[in-house]
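Enquirer: have a look at this fold, sequence not included:
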């Protein structure tokens with residue numbers, strides 16, 4: 001394996017990093033497994049009819065998640081864009097080509113203010129408009145329902161495992177259906193445990209996921225749900241005659257990579273994966289043991305594809321550096337290491353660490369903490 005100080009990136013004057021934060025797009029997304037890369041290489045041998053290919057691959061995903069239909073997209077964001085377009089035009093296919101001009105279409109999407117996030121802009125790309133309800137603390141079911149009007153195409157919901165407040169997902173979907181509008185969910189990383197993944201896939205009329213979270217190629221994702229709506233999503237996809245989603249292409253190799261990754265996700269030994277991550281955290285903890293003002297603890301998440309993280313707590317008065325300063329030093333050093341700084345701790349995520357990198361991280365941490 002090439003080192004982080006001498007590899008393809010350095011040839012082009014780019015400083016690579018060890019990723020100890022997880023599947024963040026700004027850090028490069030994901031690292032497909034050897035099996036996924038092998039499948040992608042196999043897909044490169046032949047060309048394929050993409051219309052049939054996308055239909056069959058959607059059927060494969062749908063069978064794994066026990067949903068009516070699915071469609072591979074260029075990441076979760078693209079899935080959200082296409083879902084929003086489909087919500088506006090599925091009853092008016094003759095108006096597909098006019099988007100983002102929404103004249104004559106229901107074009108409002110009801111969304112709770114407290115759920116706002118950087119990627120909700122995806123829903124407005126086809127010309128639709130967000131109708132925000134409530135405040136930063138949430139809203140009542142009555143407020144949510146009152147926001148649905150004659151121009152509402154759908155309600156949208158951000159599925160989050162840890163955050164609660166406002167109108168629940170189940171209640172929001174019920175309100176939508178009671179008022180004869182669609183429900184669209186962004187469930188990008190909500191893929192573990194596996195029964196939770198399957199439940200999320202069925203939680204709304206259209207549900208969007210990101211492939212990078214289960215080690216598919218970074219720029220892949222999919223949307224699943226009602227068959228008629230997936231057909232409308234496909235009609236806006238990148239091989240349609242005049243496609244809204246032309247700029248959201250997915251290579252045939254990437255599609256095969258996504259399918260292989262999702263198949264592997266459902267057959268993987270996740271208990272062993274958890275043990276392997278813990279072993280990496282324990283190796284880091286052993287290197288840091290005995291450093292004054294430093295302690296470590298593994299934190300487990302009930303619902304998280306990453307399973308766990310290592311919290312390296314730092315007593316600034318004893319160490320002479322804050323967690324933020326330690327984290328900055330890791331990134332500024334060689335090799336470059338990116339972790340998370342939260343409060344009085346540096347947080348390490350082993351999910352995106354390659355074999356042996358935990359010791360590199362541990363030794364650099366020790367140098368920074370004791371230097």
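Expert: Perfect, thanks for sending it. All figures in this text were calculated on a predicted structure; none of them were measured in a lab.
Enquirer: what about the strands in the stretch 201-350 of the chain?
Expert: Assigned by DSSP state E, counting those that start in this stretch, the strands in the stretch 201-350 of the chain fall at 206-210, 221-225, 294-300, 308-314, 337-338, 340-342, 345-348.
Enquirer: please identify the buried residues of the third one?
Expert: If I follow you right, that is strand 294-300. Buried residues in strand 294-300, defined by neighbour count with 16 or more other CB atoms under 10 Å: 294, 296, 298. Backbone N, C-alpha and C define where each C-beta goes, glycine included.
Enquirer: contacting residues for the first one?
Expert: For residue 294, the residues meeting the contact criterion (CB atoms under 8 Å, 6 or more residues apart in numbering) are 288, 312, 313, 314, 315, 319, 369.
Enquirer: and what of residue 361?
Expert: 18, 20, 284, 330, 337, 339, 348, 353.
Enquirer: and the helix or strand that it is a member of with strand 294-300, angle?
Expert: Residue 361 is located in helix 357-370, with elements delineated by DSSP states H and E. Angle of helix 357-370 versus strand 294-300, following axes from the mean of the first three to the mean of the last three CA atoms, to 10 degrees, is 140 degrees.
Enquirer: flag every buried residue along helix 357-370.
Expert: For helix 357-370, by 16+ other CB under 10 Å, it's 357, 358, 360, 361, 362, 364, 365, 366, 368, 369.
Enquirer: before we move on, the earlier item: any chance of the buried residues of strand 294-300 in TSV with pLDDT and distance to residue 161 as columns?
Expert: What follows is the buried residues of strand 294-300, written out as TSV (pLDDT from 0 to 100; distance: CB to CB, whole Å):
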residue	pLDDT	distance to residue 161
294	98	29
296	98	24
298	98	18
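Enquirer: from these, which is closest to residue 234?
Expert: Of all the buried residues of strand 294-300, residue 234 sits closest to residue 298, with 43.3 Å by CB to CB.
Enquirer: excluding sequence neighbours, find me the nearest residue to the closest one.
Expert: residue 281 (5.1 Å; CB to CB, 6 or more residues apart in numbering).
Enquirer: quick one: pLDDT of that neighbour?
Expert: The model reports residue 281 with a pLDDT of 98.
Enquirer: residue 138: neighbour count?
Expert: 17 (other CB atoms under 10 Å).
Enquirer: contacts only, for it.
Expert: By CB under 8 Å, 6+ apart, the neighbours of residue 138 are 112, 114, 165, 166, 167.
Enquirer: just residue 353 next, same as before
Expert: By CB under 8 Å, 6+ apart, the neighbours of residue 353 are 18, 19, 20, 280, 361.
Enquirer: isn't residue 335 up against residue 17?
Expert: Yes: counting by CB atoms under 8 Å, residue 335 touches residue 17, with 7.3 Å between them.
Enquirer: figure out how far stretch 222-235 is from the centre of its chain.
Expert: Taking the mean of its C-alpha atoms, stretch 222-235 sits 19 Å from the chain's own mean (CA atoms, centre = their mean, to the nearest Å).
Enquirer: ok, and what's touching that stretch?
Expert: 54-55, 58, 61-62, 65, 67-73, 79, 82-83, 85-87, 89-90, 93, 96, 182, 201, 204-209, 211, 240, 258.
Enquirer: show me those residues that map onto helices.
Expert: 54-55, 58, 61-62, 65, 79, 82-83, 85-87, 89, 201, 258 (DSSP state H).
Enquirer: nearest to residue 9, of those?
Expert: For these, the nearest to residue 9 is residue 258 (24.6 Å; CB to CB).
Enquirer: contact partners for that closest one?
Expert: 57, 72, 211, 216, 217, 220, 221, 222.
Enquirer: residues in contact with the third one?
Expert: Pointing back at residue 211 there. With the criterion set at CB under 8 Å, 6+ apart, residue 211 makes contact with 30, 75, 217, 218, 220, 221, 222, 257, 258, 261, 262.
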